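Enquirer: Got a predicted structure plus its sequence, pasted below:
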Amino acid sequence: MSFKEKIDINRLPRHIAVIMDGNGRWAKEKGKLRVFGHQNGVKAVRDTVEAAAELGVEYLTLYAFSTENWNRPALEVTALMELLVATINKETKTLMENNVRLNAFGDLKSLPSKCYKELMEAIDKTRNNKGLTLNLALSYSARWELIQMAQKLAQQVENKELASTDISEDVVSSLLCTAGMPDPELLIRTSGEYRVSNFLLWQIAYSELYFTDIFWPDFRREQLYEAIANYQGRERRFGKTSEQVI
Ligand code: FPP
């Protein structure tokens with residue numbers, strides 16, 4: 001039986017975030033270069049996006065490249081950027097067919113200009129799609145995001161547009177990359193690592209965390225269904241007691 005049959009479609013998470021990890025180890029196991037793992041990671045991205053869109057998930061956020069990833073060997077960084085450009089180019093058609101709206105956040109200006117340009121074009125092409133919103137976190141880290149937010153807040157206070165006493169959770173949320181989106185109810189990390197690695201630190205305050213040993217290139221729709229079914233089996237208490245949330 002597929003995990004899909006276990007999913008209650010009326011209780012889907014609205015927003016799923018994914019730390020795609022294990023591409024390098026997957027390739028190493030096969031005696032291949034790390035980039036081979038990233039290339040195969042694209043298949044997992046495609047399958048996951050299609051499955052999430054089909055189910056009716058509203059937002060899917062993929063951690064595609066972290067601020068810290070710039071410190072990888074230059075060859076790997078270049079290969080990842082090229083893969084990104086090629087994938088965006090190739091997949092825009094599939095995004096259109098699946099009614100997916102592409103979005104990206106992070107320090108996008110630090111991306112190679114070709115990559116930035118392709119990304120903006122694809123975002124523009126898909127901007128009227130009404131299905132899943134696919135967020136690519138690129139050159140992103142949560143600490144970077146929180147610093148941007150603090151700078152904007154300080155500026156608003158300095159300009160007397162905002163009183164410091166008016167700073168609230170809503171104000172902070174509205175200045176983050178995910179402004180206007182619900183926080184992820186479910187965060188998935190592949191490859192058997194139990195870390196959040198500087199990803200959406202504010203937004204995951206109450207997310208259910210789901211870890212799987214599978215390496216990202218092997219992740220397919222069935223694994224997504226399994227993660228969602230697992231999430232639906234949990235009791236979300238938000239600090240209350242069990243009796244209060246029934
Ligand atoms: C982590 O595996 C993966 C990445 C840093 C890159 C993710 C990129 C892709 C899946 C390909 C392109 C993505 C899109 C959205 C088109 P790792 O290299 O850290 O693996 P390791 O921990 O085994 O070394």
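Expert: On my side now, so go ahead. It should be emphasised that the depicted structure is a prediction, and the values quoted were computed from it without experimental measurement.
Enquirer: so how far is Glu235 from Trp243?
Expert: For residue 243 the amino acid is Glu, not Trp. Taking Cβ to Cβ, to the nearest Å as the measure, Glu243 and Glu235 are separated by 11 Å. Heads up, the C-betas are built off the backbone N, CA and C, glycines and all.
Enquirer: same question, Arg143
Expert: With distances defined as Cβ to Cβ, the gap from Arg143 to Glu235 amounts to 31 Å.
Enquirer: Also Leu80?
Expert: In this structure, Leu80 and Glu235 are 39 Å apart, going by Cβ to Cβ.
Enquirer: which one of the two has more residues nearby?
Expert: Neighbours per residue, other Cβ atoms under 10 Å: of Leu80 and Glu235, the larger number sits with Leu80, 20 against 8.
Enquirer: where exactly do the helices run in this structure?
Expert: 23-29, 34-55, 74-97, 113-125, 142-158, 169-174, 221-232, 242-245 (DSSP state H).
Enquirer: List the buried residues in the second one.
Expert: Of the residues in helix 34-55, 34-42, 44-53, 55 count as buried by neighbour count, 16 or more other Cβ atoms under 10 Å.
Enquirer: likewise the fifth one?
Expert: With burial defined by 16+ other Cβ under 10 Å, the residues of helix 142-158 counted as buried are 142, 144-146, 149, 152-153, 156.
Enquirer: Closest one to Thr92 out of the residues you listed, please.
Expert: Checking the buried residues of helix 142-158 against Thr92 with Cβ to Cβ, the nearest one is Glu145 at 26.1 Å.
Enquirer: Which pLDDT does the model give the residue of the chain most remote from its centre?
Expert: Residue distances from the centre of the chain (Cα atoms, centre = their mean) peak at Lys160, which lies 34.4 Å from the mean C-alpha position. Lys160 is assigned 98 on the pLDDT scale.
Enquirer: Equivalent analysis for Ser242, please.
Expert: According to the model's per-residue confidence, Ser242 sits at a pLDDT of 80.
Enquirer: Pull the contacting residues for it.
Expert: Residues near Ser242 by Cβ atoms under 8 Å, 6 or more residues apart in numbering: Glu235.
Enquirer: From the ligand, how far off is it?
Expert: For Ser242, the distance to the ligand (Cβ to the nearest ligand atom, to the nearest Å) stands at 37 Å.
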